[in-house]
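Asks: Show me how the following folds:
(chains A and B)
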Amino acid sequence: MKKNIIILSAAILMAGSCGKKLEILPTQSIEEEVVLSTDQGVKNLLNGAYDMVSSSSVYGGDLFLYSELMASDGELRWEGTFNQPREIWRKDILTTNAYVRDSWLDAYEAINAANNILGALDVVNEDDRDRVKGEALFIRGSMFFELVKFFAQPYAAGNAGSAPGIPLVLEPTRTDNVSTGRPRNTVQEVYTQVIADLTESQSLLTPVGYNDEYANAAAAAAQLSRVYLQMENYQGARDQANTAINLAEDMGFGLAGNYATLFNNSSNSPEDIFAIQVSANDGANDMHLFWSIPEFGGRDGDVAILAKHLNLYDEDDNRFNLFYEDDAETIRSGKWKLQYRNLPNIRLSELYLTRAEANFRLGTSVGATPVADITPIRARAGLTTPGTLTLDLILKERKLELAHEGHGLHDLKRLKRSADGFAFNDPKMVLPIPQREVDAAKGILVQNEGY
Amino acid sequence: MAARKKMAGWLWSLVLLFTALTVQAQDRQITGKVTDQKDGSPLIGATITVKGTSINALTDENGQFSLRVPANATTLVISSVGYGNREVAITDNVVVQLSTSDASLSEVVVVGYGTKIKKDLTGSIARIKGDEVANTPVVNFNQALQGRASGVFVESQSGKVGEGIKVRIRGAGSISASNEPLYVVDGVPINATGIAGNALADLNFNDVESFEILKDASAAAIYGSRAANGVVLITTKRGKSGKSTVNVNVQYGNNKPTGHRGFLNARQYIDLLREAAINSDNIEGIDPLDPSQYSGSWLQFAEGRLTRYSGHSNWRELETNTDWEKQAYQNDAKTRLVDVNFSGGTDKTRFFLSGGLSDQDGILIGNNFQRISSRLNLEHDATERLKVGVNFGLSRTIAKRVADDNQFYTPMQMVALSPVTPVRDLDGNLYDRPVTTYYNPLIELEDSRLIATTYRNLGSAFLAYKLMNGLIFRSEFGLDVQTQNEDRYNGSRTIVGEGTNGYGQVDWYRMLNYNTNNYFNYRKLIKDKHDLDATVGMSYQKYKADFSQVYGEDFPSSQLSRLASAGRITGGTSSFDASSILSYFARVNYKLNDKYLVSLSGRIDGSSRFGKENRYGFFPAVSAGWILSEESFLSNSDVLSFLKLRASWGLTGNADGFGNFSHLSLYGGSKYNNTAALVSQQLANDLLQWEKSEQTDIGFDFGFFNNRISGEIDYYVRNTRDLIYFVPVQGTTGFTSQTVNVGSMQNRGFEFVLNSTNIARKNFTWNTSLNMSFNKNKVTKLDGDQTIIPGNDGRYMNSLIVGEAIGVFYGPKFAGADPQNGDALYYLEDGKSTTNDINDAHSFVVGNPNPDIIAGLNNSVSFKGFELSVLLQGVFGNQVMNGAGGFMSASFDWFDNQTSDQLKRWQKPGDITNVPQLRLGYGNGIGASSRYVEDASYVRVKNVTLAYNIPAKVTGKLKMRSARFYITGVNLFTFSNYSGWDPEVNTDYRAGNRNQGSDFYAAPQIKSLTFGLNVGF
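Replies: Have a look, this model is predicted:
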């Protein structure tokens, strides 16, 4: 009897003594130390950073959408049922708007990934280190730039030194610094950081050749030209656009013959200096989702193009032909018609337009004369170019050439225009800091004026 | 000499002792069985004493005992709590029946790793017999338990059949971890989740003998880290030795929705929409009725839409008036149930065998749930010492599911469509956009499929070995296997599949959960007054789940809708998940003089979910009881027949429901540009550990007038600390939250149970039972300096606020329409002045989704062969927020059809109303606010059953043992002020601990009426 008890007890204890049974590691995830300790890990993380940038809330479409909705000025209408994008269109945004919140969160997720890469460069193979660093800086600088454009007063408002920008986070987040408060830096500080990141990015990427899907030197310079344009620094904008054009041409980019071929592509067009890659297996395209119609896999055709916009096109302008009419006779943008297609982010023609505008304003002809830059673009659209240009003509050309590609709000602000009765520096033309962010920051983050 | 004498004395003693032993060895061994006179059920724990000695034994769980008795002994005294003592002559096999006036006190209650007599309980356990809920025509046993136990709140998310149900035992204890109880079937903790539907619907509850709900810490702490939310022990039926019996039950009935919300008809829709458009034009200084200003006006836009929405008909002539709400329901929803069981056995082997078929249509179009199930429970006494058995249940469920409430293609979203839109065009095809305002969900019925099929095996095998008198070793091995697949196809006409010429997806999930319990139980009655019952053992459980998924698009036709025919396979994934728990437990129950009860228990749990340092937790409990009615000063009372005072304290844990690896910093796979990538998933927290729940319970059990009136009263306080919480962090970190132990929560409340036998005559009985529970939930601490985590996301407002209940609605307080201009107004901080800008509005607590009171009242009357039972169920003091208010009750902000209450809109200065002026596109009052919060208290006629038992004379002639006809009505009537479909609601797409009380196109509950026939042979 006692023997039985002893045996049974022993059996029980044996069954239980395997503390190792409690050692279980996940199979779909790996620990941070592992990722950041190998060349392969850091490079995968870099691709992951692009994945975050390509989120529907950021370059996967929503940032373009906000820009166009806010600058609509009666040229387009949000007709969709979702009332949160409608708030943006009406410039009457709740601080709890989930779209705005997600854009903020996803952009910072990409920034943290970039910071992690920048902090782990010494494990990257020396040959690739500059490229990896340059791409990470491109991502970080671009995200800061997008955030400051949407969540802060425009640089052109003239108070960049004192106006609150967005928090600059330059270190990777770890358990020990996650609770450190991150207040807003000034708009000026943010622009300074953006310029530093993109300038260094461009210098590091310079030696690297043409890169189809990822950020290249031309993309860094092009992004920088946008930054200077926002700052009304036309010299900077001109020089960076010029650098970008030279790099791009060296890499084999060039204007496409047919405007319509620039959109709805599964692979980059010869004009796509930087484009977000989307396929049926991967990626999101919210511009398609909201601008297209059910027939092409879109939602209900949430964004309608109104006559005020259509009337801007000359009769001969073949860019007009890209618009199409749905069954309910509403006009839709053909740029975002098909599902699972890339989102062009920086197109070569933008750089010609920037160089032309800046040269025109400065009375210079760095790289080319404004007429020489504008002519091929207009010619492609089926239009002739007058021998003498005006600033208005250049700006209108820019508006039509880049229509509905996310430039609306940013051009409006730097040009100090207004939309739907809201001036360029109206507080309602700035997105609110997401309420969850204000709450999580426990008082350290100031809400934007007007919210 | 003295030494020698001493030596002799010792020797003599030895001899005496030896003799004594020898004599004892010559005693004879007898066996026997003690049963209840009333129904022949075995009495467990009855004491058998040899009269005039202290030699005794206790009966085991089959009522059997064996005892060595001195050769000269003649009489045994048999006693059991709640029964009268009996003396019987000793024979080799003693069979005794005991009788009692009150059986309930002697009921055997299943507790974790053992059983106990109800009278001896020191913890709070609610017991519901399987018979009480058998044949309730619902698919999930939790629905059948609703309203039947105090302190147990059951809420179905909606009337979708076989879907989510919330169960809260004594309130919610956690913010981020699970708040659902642990379910244990025949000793095996089961998995309660899956990839689709509700995993608990796999169990045919007609096979259940009893449900024991362990509510307080002393009852539950033996389940340690899994017990903080209470434990539901489910024991399936066993066979009884004797004649084999067969029971056949068939039921048939129909299902209807419990409520209608009511939307505008075509005339009203046209009038109000035009009014809204004109109002918007007027704000912009345009008079659209002036033909010169019509072009480009909101009115032109709206009338254009009316024309578009009218399809082939003409809205100006009111040619169409579609009631879309009606279209969302099945006209002919049925319930069909068949249940057959056999049971019986010999003295050594007993069996219970069953088969069941359940086929229930939901009320929504396309919604159906089917289950076939079988069970074999077998027990065999291999020797006098060894007993073995298996409990084996197998089921298959097929759920034809409908989409989540927030999807355009879920049937209920049809209500948003315009009543001017005809359902079909002149060719008989369903209209879709752009004629319908949104996607027409009726297309789903013709061109899509969403079917979840689950195979579930709940099995356990056990052996019990009697090592010596009173000492039993029991070993159990349980297996819970769930294989589920969900097959989705959305044809080229559907919203999901139209852009890609069809979409197909298959998900597979296989869950294996195995568990072993090994424990010793020792019972000993010492000197006729010290009753000791001790249990010690260990348990190990491992959970593994594999998941895989593949999807594709472009199908040649709707007939070829499997992925084999997909033109493109666009993606796939697979994953694996695992966790384990290793536990040691012990419990000692001690009873003195049948009056004083003490119980101590402790469990050590080790979990794979935490880092090395915090892996193990200790969960102790202590409780005591005092049966006052056994004291001399009360034992002679004519009025008071039973009175017990109980008190308990204990600590339980919670480590479920927040992920298996939350203590690590993790990166996971992703992709960009069709190339592998890594993305950060979560921040580490090495310090993560269990949530700890400390509960104190004080209660009385009482009986009056020979226990004709009996009941229980409990008061409890449950404090949960170290709450696992995804603390929001600044998004600038790249993360949104970190999993940490912060905060604490409290639940306290009263529970009352009152049972009364009002009439007990031979042919006429009437019993009433009432349960009523008051619970107050309060968040007592969030992370250190934070007192509010607001949850206003523009649609809902479930927030966490220190001092308030979990998930209260916190946000703008609606002040009605401005009598001057019809603007929606909200209160400012002073609570008096108002603003028309919702961003300036002050946030107030404007509602609480947690009920203050839940109650159930059951009356059952039997008269001759007739039986009538009526269960009323009530929930009081909670609010529900309609997250779809901003669409359906939105002063015509957009083209969604509006609820009828929008007719009471502001129209002219001076109007006092809660419906702001109609304004198309202006968002007048559509932000989340108290405008969309309503009281959702209700009383329901939950279950009414009227039955007729055919007299034995007749059934005897028909060679039947029994025959019973019955009609059962579920949710027949609901009384509530809630203006939505049904006050019992929590929309599925966001339901969670904090996200409670939200309505969003959720289907009303099912009202069913079924006819049944039950025949026994």
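
Asks: residue contacts, residue 305?
Replies: No chain was given, so I picked chain A. Applying Cβ atoms under 8 Å, 6 or more residues apart in numbering or on different chains to residue A:305 gives the contacts A:75-76, A:323, A:331-333, A:404. Yep, even glycine has a C-beta here, placed from its N, CA and C like the rest.

Asks: meant chain B actually
Replies: B:273, B:895.

Asks: how about a cut-off of 6 Å?
Replies: Counting by Cβ atoms under 6 Å, 6 or more residues apart in numbering or on different chains, residue B:305 makes contact with residue B:895.

Asks: buried ones in the helix or strand hosting it?
Replies: In this assignment (DSSP states H and E), residue B:305 forms part of helix B:298-309. Neighbour counts over helix B:298-309 (16 or more other Cβ atoms under 10 Å in any protein chain shown) mark B:298-299, B:301-303, B:305-306, B:308-309 as buried.

Asks: How is residue A:236 assigned, secondary-structure-wise?
Replies: helix (DSSP: H, G, I helix; E, B strand; the rest coil).

Asks: Which parts of the stretch 551-700 of chain B are strands?
Replies: Listed in chain order, the strands of the stretch 551-700 of chain B (DSSP state E, counting those that start in this stretch) span B:568-592, B:596-607, B:616-627, B:640-654, B:666-672, B:675-682, B:691-704.

Asks: Enumerate the residues of the stretch 401-550 of chain B near chain A.
Replies: B:433-434, B:473, B:498-499, B:518, B:538 (Cβ under 6 Å from any Cβ of the partner chain).

Asks: Tell me which two in those residues are the farthest apart.
Replies: Farthest-apart pair in these is B:434 and B:473; separation 73.2 Å (Cβ to Cβ).

Asks: Which one's more surrounded, those two?
Replies: When residue B:434 and residue B:473 are compared for neighbours, residue B:473 comes out ahead with 22 against 19, by other Cβ atoms under 10 Å in any protein chain shown.

Asks: Contact residues of the stretch 901-1017 of chain B facing chain A?
Replies: Close to chain A, as judged by Cβ under 6 Å from any Cβ, the stretch 901-1017 of chain B has residues residue B:927.

Asks: Mind jotting down where the strands sit in the stretch 901-1017 of chain B?
Replies: Using DSSP E, counting those that start in this stretch, strands in the stretch 901-1017 of chain B cover B:933-935, B:938-949, B:962-976, B:998-999, B:1006-1016.

Asks: and the residue nearest to residue A:70 when sequence neighbours are not counted, helix, strand or coil?
Replies: Excluding the flanking residues, the one nearest residue A:70 by Cβ to Cβ, 6 or more residues apart in numbering or on different chains is residue A:409, at 4.8 Å. With three-state DSSP as the basis, residue A:409 sits in helix.

Asks: which stretch of helix or strand covers the most centrally placed residue in chain A?
Replies: Centroid check for chain A by Cα atoms, centre = their mean gives residue A:59 as the closest residue, at 3.9 Å. Residue A:59 is part of no helix or strand, with elements assigned from DSSP H and E.

Asks: same question, residue A:153
Replies: Per DSSP H and E, there is no helix or strand for residue A:153.

Asks: who touches whatever residue of the stretch 101-250 of chain B ends up closest to chain A in this structure?
Replies: Proximity of the stretch 101-250 of chain B to chain A (Cβ to the nearest Cβ) peaks at residue B:225, 12.3 Å away. The contact partners of residue B:225, taken as Cβ under 6 Å, 6+ apart, are B:605, B:617, B:653, B:655, B:690.
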